[in-house]
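Participant: Prediction below, plus the sequence it came from.
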Amino acid sequence: MQKKGDFTCFNCSGSFSFSKLIGTKHRNHCPFCLWSKHVDFKISGDRKAKCSAEMKPIGLTFKHEGVNKYGKIRQGEIMLIHECVKCGKISINRIAGDDNPKMILQVFEESQQLPSEEISQLECNGLRVLSGKNKREIITQLFGKHF
């Protein structure tokens, strides 16, 4: 029997607890397979979406961090790009400290095969899908500088 706050993933059947979140206040993806539920409507954590369909992790992007006081662009944290399998809505989600780093890398590798039209459409919507030139930064963020 599951306790309140426990969750079983619809995709991989992994079980985890919302009460033990690491690195984010709002979790709507599985830390094992990274699939999500379409639960947010306008802003992260609002839980007002009526769709409630599955959202597939399709790529990675970096959070926009702006410019530091020296005019250099600050590198943001890794974000997951999800696409709703029912309505096609695209959303981005922070990764959490307990997300499977090997699965994050797998999502990255699979995103390298996305059709150029899909990448262009994401870019038109303000999302930059990370490419091979970003792999070193991804590995550094996931595993540290000495991996």
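Facilitator: Cool, got the structure.
Participant: secondary structure element for the residue most central in space within the chain?
Facilitator: Nearest residue to the geometric centre of the chain (C-alpha atoms, centre = their mean): Leu80, 1.8 Å. Element membership for Leu80 (DSSP states H and E) is strand 78-84.
Participant: what's in contact with that strand?
Facilitator: Strand 78-84 has contacts (C-beta atoms under 8 Å, 6 or more residues apart in numbering) with 29, 34, 36, 38, 51, 53-63, 89-95, 104, 107, 111, 122, 127, 129, 138, 141-142. Yep, even glycine has a C-beta here, placed from its N, CA and C like the rest.
Participant: Write the PyMOL selection for whichever of those are buried.
Facilitator: Buried residues within the contacts of strand 78-84, by 16 or more other C-beta atoms under 10 Å, are selected in PyMOL with:
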select buried, resi 29+34+36+38+51+54+55+56+57+58+59+60+61+62+90+91+92+93+94+95+104+107+111+122+127+129+138+141+142
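Participant: From Tyr70, how far out is the residue nearest to the centre of the chain?
Facilitator: Distance of Leu80 to Tyr70, given as C-beta to C-beta, to the nearest Å: 30 Å.
Participant: quick one: the strands in the protein?
Facilitator: Using DSSP state E, the strands of the chain run over residues 6-8, 15-17, 36-37, 54-62, 78-84, 90-94.
Participant: Any chance of JSON lines for the ones you listed, columns mean pLDDT?
Facilitator: Below are these laid out as JSON lines (pLDDT from 0 to 100):
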{"stretch": "strand 6-8", "mean pLDDT": "77"}
{"stretch": "strand 15-17", "mean pLDDT": "77"}
{"stretch": "strand 36-37", "mean pLDDT": "88"}
{"stretch": "strand 54-62", "mean pLDDT": "96"}
{"stretch": "strand 78-84", "mean pLDDT": "95"}
{"stretch": "strand 90-94", "mean pLDDT": "89"}
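Participant: Would you tell me which of those gets closest to Ser116?
Facilitator: Closest of these to Ser116 is strand 54-62, at 13.1 Å (criterion: C-beta to C-beta).
Participant: Extract the CA atoms of the closest one and return them as CSV.
Facilitator: Only the C-alpha atoms of strand 54-62 are listed here, as CSV (Å, rounded to 0.1, in the frame of the first residue of the first chain):
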residue,chain,number,x,y,z
GLU,A,54,2.1,11.4,-20.7
MET,A,55,5.0,13.7,-21.6
LYS,A,56,8.0,12.1,-23.3
PRO,A,57,11.5,13.5,-22.5
ILE,A,58,12.7,14.6,-26.0
GLY,A,59,15.8,16.7,-25.3
LEU,A,60,17.8,18.9,-23.0
THR,A,61,18.3,22.7,-22.8
PHE,A,62,20.0,25.1,-20.4
